[in-house]
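Enquirer: Fold the following, please.
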Amino acid sequence: MAAPLFLPVIASLYLKSYITGHTLIDKQWIAIGLLTALALSIVHEWLHCLPYPRTATAYIGILPTRFMAYMTCNFPISRRNDIISSLLPVLLGIIPWMAFLFCPITQKELASFCWGLAIMGVTSPCPDYLHAYYIWKHVPKHAFIQTTSHGTYWFQKTSRH
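Expert: Below is the predicted model:
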């Protein structure tokens, strides 16, 4: 699911190096970018919260045994907002990727740092891409999504006359 974003980010590193004639790889700064992206896991989870109403209560946490952060909210939201919620964290990959692309070749360390952030930022939401795909593919357009401790469900509101 990450290949459509992962492959262009990788290709851009080699393409930019080839076009400019400069090696833009500084392994130390790429590693720092990757580690910074890990530290931004909480921001990734917070971005999931944005499409929910302000009155909804969301929980963000870390599961050390599974080495992952999570966000859960039992408030029902529209199919559209659920898909948006799933895809918002990719901004943590797209924004640094754009910064990498526009970074001057004289800023090798910054370019490497941004590239490390970008590669992690587009791959870490893989489960979110899959969730968005399933919702888009299997849930009716005007349905609502609700996550519970027993799983994710969809329902449609009926009008009573």
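
Enquirer: Name the spans of this protein whose pLDDT lies under the cut-off.
Expert: 1, 160-161 (pLDDT under 70).

Enquirer: Please, where are all the helices along it?
Expert: For the chain, applying DSSP state H gives helices covering 3-20, 27-39, 41-49, 79-87, 91-102, 108-123, 126-138.

Enquirer: so which of those helices is the most packed in?
Expert: helix 108-123 (a mean of 23; mean count of other Cβ atoms under 10 Å). In this view, the C-beta of every residue, glycine as well, is placed from N, C-alpha and C.

Enquirer: Show me what it is packed up against.
Expert: The helices and strands touching helix 108-123, judged by 3 or more Cβ pairs under 8 Å, 6 or more residues apart in numbering; DSSP states H and E, are helix 3-20, helix 27-39, helix 91-102.

Enquirer: Turn the ones you listed into a markdown table, including distance to Thr152.
Expert: Formatted as a markdown table, these follow (distance: least, Cβ to Cβ, whole Å):
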| stretch | distance to Thr152 |
| --- | --- |
| helix 3-20 | 23 |
| helix 27-39 | 26 |
| helix 91-102 | 23 |
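
Enquirer: show me what contacts Lys16?
Expert: Contact analysis of Lys16 by Cβ atoms under 8 Å, 6 or more residues apart in numbering lists Leu24, Phe100, Leu101, Ile105, Ala111.

Enquirer: any idea how far the second one is from Val90?
Expert: Translated: Phe100. Counting by Cβ to Cβ, to the nearest Å, the separation of Phe100 from Val90 is 15 Å.

Enquirer: re earlier: wait, which of the contacts of Lys16 is closest to Gly121?
Expert: Phe100 (10.8 Å; Cβ to Cβ).

Enquirer: Correct me if wrong: the closest one contacts Ser12.
Expert: Yes. Here Phe100 reaches Ser12: they are 7.0 Å apart, a contact under Cβ atoms under 8 Å.

Enquirer: Make sure Gly77 is actually in contact with Cys49.
Expert: Quick fix: residue 77 reads Ile, not Gly. No. Using Cβ under 8 Å, Ile77 makes no contact with Cys49, being 10.6 Å away.

Enquirer: Pull up the overlap in contacts between those two.
Expert: Ser85.

Enquirer: Distance check, Ile25 against Gly93.
Expert: 18 Å.

Enquirer: Identify the residues contacting stretch 43-53?
Expert: 58, 60, 69-71, 73, 75, 77, 81-82, 84-86, 88-89, 91-92, 124-125, 128.
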